[in-house]
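> Here is my input, please return the structure:
(chains A, B, C and D)
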Number of protein chains: 4
Amino acid sequence: MIRAAIHGASGYTGFELIRLLLKHPKVDLVALSSRQFAGVPISEVFPALRGVCPLVCTEFSEVELAKAVDMVFAALPHQASMNAVPLLLKGGAKVVDLSADFRFRNARVYSDWYQPHTAPELLREAVYGLPELHKDEIKEAKLVGNPGCYPTSVILAIAPLVKERAIDLDSIIADSKSGVSGAGRGLSLATHFCEVNEGFRAYKVAEHRHTPEMEQELSILAGREIKISFTPHLVPMTRGILSTIYGNLTDGVSPRMIVEIFNEFYKDAPFVRILGDGVFPNTLYVRGTNYCDIGWKIDERVNRIIVVAAIDNLTRGASGQAVCNMNLMFDFPETLGLLRSVWQP
Amino acid sequence: MIRAAIHGASGYTGFELIRLLLKHPKVDLVALSSRQFAGVPISEVFPALRGVCPLVCTEFSEVELAKAVDMVFAALPHQASMNAVPLLLKGGAKVVDLSADFRFRNARVYSDWYQPHTAPELLREAVYGLPELHKDEIKEAKLVGNPGCYPTSVILAIAPLVKERAIDLDSIIADSKSGVSGAGRGLSLATHFCEVNEGFRAYKVAEHRHTPEMEQELSILAGREIKISFTPHLVPMTRGILSTIYGNLTDGVSPRMIVEIFNEFYKDAPFVRILGDGVFPNTLYVRGTNYCDIGWKIDERVNRIIVVAAIDNLTRGASGQAVCNMNLMFDFPETLGLLRSVWQP
Amino acid sequence: MIRAAIHGASGYTGFELIRLLLKHPKVDLVALSSRQFAGVPISEVFPALRGVCPLVCTEFSEVELAKAVDMVFAALPHQASMNAVPLLLKGGAKVVDLSADFRFRNARVYSDWYQPHTAPELLREAVYGLPELHKDEIKEAKLVGNPGCYPTSVILAIAPLVKERAIDLDSIIADSKSGVSGAGRGLSLATHFCEVNEGFRAYKVAEHRHTPEMEQELSILAGREIKISFTPHLVPMTRGILSTIYGNLTDGVSPRMIVEIFNEFYKDAPFVRILGDGVFPNTLYVRGTNYCDIGWKIDERVNRIIVVAAIDNLTRGASGQAVCNMNLMFDFPETLGLLRSVWQP
Amino acid sequence: MIRAAIHGASGYTGFELIRLLLKHPKVDLVALSSRQFAGVPISEVFPALRGVCPLVCTEFSEVELAKAVDMVFAALPHQASMNAVPLLLKGGAKVVDLSADFRFRNARVYSDWYQPHTAPELLREAVYGLPELHKDEIKEAKLVGNPGCYPTSVILAIAPLVKERAIDLDSIIADSKSGVSGAGRGLSLATHFCEVNEGFRAYKVAEHRHTPEMEQELSILAGREIKISFTPHLVPMTRGILSTIYGNLTDGVSPRMIVEIFNEFYKDAPFVRILGDGVFPNTLYVRGTNYCDIGWKIDERVNRIIVVAAIDNLTRGASGQAVCNMNLMFDFPETLGLLRSVWQP
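As a prediction, the model looks like this:
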């Protein structure tokens, strides 16, 4: 058993971590850190936890947290994280950071899209926590930068095609759709029920901060710089991301090769369900799970492939992936505590 | 480990049973019986189960089922069940029946509200599967009639008050609201998305078949016949029932006595969460769980109590309760496989 | 043509007033008053109005408003209204006030449930704007207190029965369910999409401020003081209220008498649609309209009647009724601008 | 005043026609034809119409209909329409056909995607009813093929860019998202509330029948054959389509030129609201209206433009556009009966 804490426990990813860790056979969740709700039982913050989780939110310092536990999930806002994480590491804890602060290899990219980085030296040792791409490094890591929700779905959908150059690397377009929980638990008109219900819209078109994250990982796979178009949309539902990705097929790529490329790439990936050609995923079928479901179609009329991937943005897109990363960092089985948790309807 | 089967696996309660049994540490789910989907993998019927459950729907006879397993969950329609259950019992299986066919002690009541009963002799040995009321009998039972979803919420909400005669037994009114999954997976205009969304309505007012079920159990508790008014409503959401129950307080009943009555009645009930006076449940907080959350308010101006109870209609109102009954029938801990499964958002 | 203004135009009732007044053949909507959005085109506050309404929100004083128009709809918060309305009246405008400030005949009742009243002398001349009950007085009024959304549905549902003493006046229970727009456009966790979706709950049980409003009007009809139980609930939808009202039938009241009582009471009411015995309304069918749909059922087993009424909380429950009141105050046909505006799906 | 009928009145587009025609100042809606509901008042088929529309569904022959009215809206299924329309025209009625049967200039294209055409001679005289492209021909037409919902949004979004060759004509990708009412009122698991709620998915990827319709119109505008990729998705909401369209910018096209191209193309289009660069539409803001809202963003990093367009699939995508076409065919003002009908929330 290891001891774990959540730093910044009162948001939706915090809740999702609690939900998953309470069922994890090798984790003892011992501390929930929250400034805003210091002194408040977590079961008042999230009434679903009444009688289930007795912990009280406390404003712990990083030093206290690192002393008390083996593993910290940092679910803080961007910028707050890069101040907290160095202290947690220094105290000896392993860290999975759910913010964007440790996802980038290049501090310049981070500063171009976010703000100046105050702990750039850690970027070298931080590992991008997408297990299908970096499993071995994650196993050795003390700090994992947990991927963004959109990038998780987009990268998984086309990583095999990019790596095998099955598509024109300059033609990639990712059109993504997310449920409202991706915007967090904070209040805004954009998450008011009456403004969301019966509304569907695009936002931050061609300027969403998840773009460089996708480009970093796809570029590594391709061995050369890739730029993509990325358009996020908001769906009137709570959970789920569906990404539809377009790419022009390279000459000579056959439908059968596509099948083989996907099967080979994900042959050891317990959390990728390949649906195949002509079968498409649904956010409904991955709710609460760590799965990424992937299907595709070749549009022969225009020689383009359309790959569709679905994840639960809070599970695979955040907290479930974080738990998977923790499993790897502590040499537990990759799927421990994350299987058999399906949900439909 | 016991071996279990689901007879009629392709509906929503079937899915919910699969979801729960796959996580149950003492159950090996070995057979899914379905006439409609015979030959079809359950993961095609419910794509959420892809890679999770390899079973294929098969049209088993009751003899085959009883031979293959220790425990059958009968999730058949009313009437089909009373033909199937005697054969299952004869074959030696224990049965939790999720239809209405074995919920009544009196065959006359059943025939008044449903149709003539073809296995009335079994009504004497069948136990009404509400663990908070009949735990000891359930432990000895070979056949449990699993309660209806509405009755579960209504009976639990006022059983303590009825037993203690804290309310006028002739004044009980239950106003219940249910998500759409209560109507099942069958097709009808009433479950068409565009007819449900932004719609809220009452139906079967004062003539819903769950009424006599509530009256039976409340009458037993009171030691005299009780009749109530019951109004069900349809809510534009998938899961959840919230019941609001009204009763005129008996003279001399104080707020403090109410607290004591509830605490005493449910002191050994792991699945009832008493929220107390002035705190009210929300279907959101019980999703996917076997909890029944109960709160109340005394309306002093009119000397009436309003009790509000929330359950998940598919879990506590059907399949979760069925698994709990199985736990009791096989002398497993009551909560085995049913705890720590919360969900919010 | 008359000139009209909306004082407090940026909320949902403000929008609904704009929507209705833009289509009204006798009204020229000339001013939108808003402090929060002063200087902002209303089409930025409500993008649906792009190209439809060129008005710009302005922080008008009451003196300016009264000078500029014949009619002011005051859609201000409680308390703000009782300061503004006297000035509007003094300036010569007629006023329909959508807050609670001018709904009560008795300042003591208002102060018991809200706060001290600063313009109690106006309560005597203000008319409660439920046209089915007070049409003649509304026609003569300079100030109409527009009814609350819940009271509109509850009073209309049982006014005929109360007036005719067809039910025991001490047995009335109103169980109401409202869409989220009733909570307004302000931000709170209670209206966050992820906290509403799949959630159904009761709130302010036995202490909602709309209770005394219902009691005032029902007491007048009965000729004696009536107290009722009232429980509001929140439904995961945007618009609509459905109220289910229970009352014990007086001895000797037959089903046929009930039909006659309703038909007689509403024989001149263009906005009440009587569905009759055994037919029940649905919020979906009244969306965007000024209708109140009413059906009922006699529960003979317990000699109780259940009346169900549905309205659109923003139209009949607020702005549509306000426009209807304006029609009466200016001697326009009662239904002018309010008919033929149906919506389904 | 003209006399109008709806042939096939019981579906959602039928309802939407009724809703709009009841408010139209120049139309007398006199007949509702329906085989399935012959003899049933339309207010039973759509209870929102109680007290609003007294018409009774009748199974009229085409000869009867043509004799009785000036204008028939054919809201029949594909294939049924091409049998009915010739008889209606022969009888002297003008027809707007809402099926796909008269949208194509080339019978071969129709037969490739649908089935053999039985009235190919009428394709020459039928006009594709997108007023922004074919206003003059619609004015002279006796038969208008009303556009599909998806094509309306996609064509309007990029027609200006295609006509001016501002984008590479081989790079067009349309990613569209539709509410559930687009699937009609028929029953299927795909429209069951519990299968739609919290679900988002793609369907008929690269093989939806609306593809050739878009290609036909864009090819005409470009003066050469265009093929596009089209992916439809289902959104858990009732109404609305949002289309996101991608195209590679032609060398030398500046942001300012894009603005001018849109403004010029739509300078006489009362139902297109151009939001401009960086402002994006929302289905919520066009509900119930005939507007198409269009915004865009130039992704300079990859020299691509992303255009986003929103419509109400039942209004602009079907019945509203049909009424607009009728207006043109009878020389009424284009916007008659279609303005000032906004809706938010």
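> Closest residue of the stretch 101-250 of chain A to chain B?
Distance from chain B to each residue of the stretch 101-250 of chain A (C-beta to the nearest C-beta) is smallest for A:T238, at 5.1 Å. Quick note: C-beta positions are derived from backbone N, CA and C, even for glycine.
> now that residue: how far from A:F280?
Distance from A:T238 to A:F280, counting by C-beta to C-beta, to the nearest Å: 21 Å.
> Counting neighbours, what do you get for the residue of the stretch 201-345 of chain A found nearest chain B?
Using C-beta to the nearest C-beta, the closest approach of the stretch 201-345 of chain A to chain B is made by A:Q344 at 3.7 Å. As a burial measure, A:Q344 scores 22 neighbours (other C-beta atoms under 10 Å in any protein chain shown).
> Quick check, pLDDT for the closest residue to it other than its chain neighbours.
Distance criterion C-beta to C-beta, 6 or more residues apart in numbering or on different chains; nearest residue to A:Q344, sequence neighbours excluded, is B:A48 at 3.7 Å. B:A48 carries a pLDDT value of 96.
> so is B:A48 in a helix, a strand, or just coil?
Three-state call for B:A48 (DSSP: H, G, I helix; E, B strand; the rest coil): helix.
> Would you check that A:G317 makes contact with A:R239?
No - counting by C-beta atoms under 8 Å, A:G317 stays clear of A:R239, with 9.1 Å between them.
> What helices and strands are in contact with the helix ranked longest in chain A?
Using DSSP state H to define each element, chain A has its longest helix at helix A:149-163. Applying 3 or more C-beta pairs under 8 Å, 6 or more residues apart in numbering or on different chains; DSSP states H and E, we find helix A:149-163 packed against helix A:131-140, strand A:173-178, helix A:211-222, strand A:229-234, strand A:241-248, helix A:255-265, strand A:292-299, strand A:304-311.
> Partner strands of the second one and their direction?
Read that as strand A:173-178. strand A:229-234 (parallel), strand A:241-248 (antiparallel) (DSSP bridges).
> same question, the last one
Paired strands of strand A:304-311, with direction, are strand A:241-248 (antiparallel), strand A:292-299 (antiparallel) (DSSP bridges).
> could you check the angle strand A:241-248 makes with the longest helix of chain A?
Here helix A:149-163 runs at an angle of 30 degrees relative to strand A:241-248 (axes from the mean of the first three to the mean of the last three C-alpha atoms, to 10 degrees).
> buried residues in helix A:149-163?
By 16 or more other C-beta atoms under 10 Å in any protein chain shown, the buried positions in helix A:149-163 come out as A:149-163.
> same check, this time on stretch A:276-291
A:F280, A:P281, A:N282, A:T283, A:L284, A:Y285, A:V286, A:R287, A:G288, A:T289, A:N290, A:Y291.
> What about chain D: which of those residues touch it?
Among the buried residues of stretch A:276-291, the residues lying close to chain D (C-beta under 8 Å from any C-beta of the partner chain) are A:F280, A:P281, A:N282, A:T283, A:L284, A:Y285, A:R287.
> Can you lay out those as JSON lines showing distance to chain C, pLDDT and secondary structure?
Listed next are those as JSON lines, based on distance: C-beta to the nearest C-beta, whole Å; pLDDT from 0 to 100; DSSP: H, G, I helix; E, B strand; the rest coil:
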{"residue": "A:F280", "distance to chain C": "24", "pLDDT": "98", "secondary structure": "coil"}
{"residue": "A:P281", "distance to chain C": "21", "pLDDT": "98", "secondary structure": "coil"}
{"residue": "A:N282", "distance to chain C": "17", "pLDDT": "98", "secondary structure": "strand"}
{"residue": "A:T283", "distance to chain C": "14", "pLDDT": "98", "secondary structure": "helix"}
{"residue": "A:L284", "distance to chain C": "13", "pLDDT": "97", "secondary structure": "helix"}
{"residue": "A:Y285", "distance to chain C": "17", "pLDDT": "97", "secondary structure": "helix"}
{"residue": "A:R287", "distance to chain C": "11", "pLDDT": "96", "secondary structure": "coil"}
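> farthest pair in these?
Across those, no pair lies farther apart than A:F280 and A:R287, at 16.2 Å, counting by C-beta to C-beta.
> now the longest helix of chain A: how far from the chain's centre is it?
Once both centres are worked out by C-alpha atoms, centre = their mean, to the nearest Å, helix A:149-163 turns out to sit 12 Å from its chain's centre.
> Now do the residue nearest to A:Q344 against A:D293, distance only.
10 Å.
> List the contacts of stretch A:49-62.
By C-beta atoms under 8 Å, 6 or more residues apart in numbering or on different chains, the residues outside stretch A:49-62 that reach it are A:5, A:7, A:9-10, A:18, A:22, A:29-35, A:37-43, A:45, A:68, A:84, A:87-88, A:91, B:273, B:275, B:285, B:291, B:293, B:339-340, B:342, B:344.
> Which members of the residues you listed occur in strands, if any?
Among those, the residues falling in strands (DSSP state E) are A:A5, A:H7, A:L29, A:V30, A:A31, A:L32, A:S33, B:R273, B:L275, B:D293.
> which one among these gets closest to C:V205?
Out of these, the member with the shortest distance to C:V205 (by C-beta to C-beta) is B:L275, at 11.9 Å.
> Excluding residues flanking it in the chain, which one is nearest the closest one?
B:L275 sits nearest to B:G295 (C-beta to C-beta, 6+ apart), 3.8 Å away.
> Now do the same contact list for the one you found.
B:I274, B:L275, B:G276, B:D277, B:G278, B:V279, B:F280, B:P281, B:V307, B:V308.
> Now with 10 Å, please.
With contact set as C-beta atoms under 10 Å, 6 or more residues apart in numbering or on different chains, B:G295 has these partners: B:157, B:262, B:273-282, B:306-310, C:201-202, C:205.
> Might you list the low-confidence residue ranges for the stretch 101-250 of chain A?
Applying pLDDT under 70 to the stretch 101-250 of chain A picks out no residues at all.
> What parts of it come near chain C?
A:179-199, A:234, A:236-239 (C-beta under 10 Å from any C-beta of the partner chain).
> show me the contacts for A:V27.
A:1-4, A:20-21, A:69-71, A:323, A:326-327, A:330, A:332, A:336-337.
> Could you do A:F104 as well?
By C-beta under 10 Å, 6+ apart, the contact list for A:F104 reads A:110-114, A:117, A:120, A:123, A:126, A:128, A:145, A:212-213, A:216.
> Equivalent analysis for A:S229, please.
A:171-175, A:205-206, A:211, A:246, D:173, D:246, D:248, D:297, D:299, D:301-306.
> A:G148 now?
Going by C-beta under 10 Å, 6+ apart, A:G148 touches A:98-100, A:103, A:154-155, A:182, A:208-211, A:213-214, A:313, A:317-318.
> quick check, nearest of the residues you listed to chain C?
The shortest approach to chain C among the contacts of A:G148 belongs to A:G182, at 9.8 Å (C-beta to the nearest C-beta).
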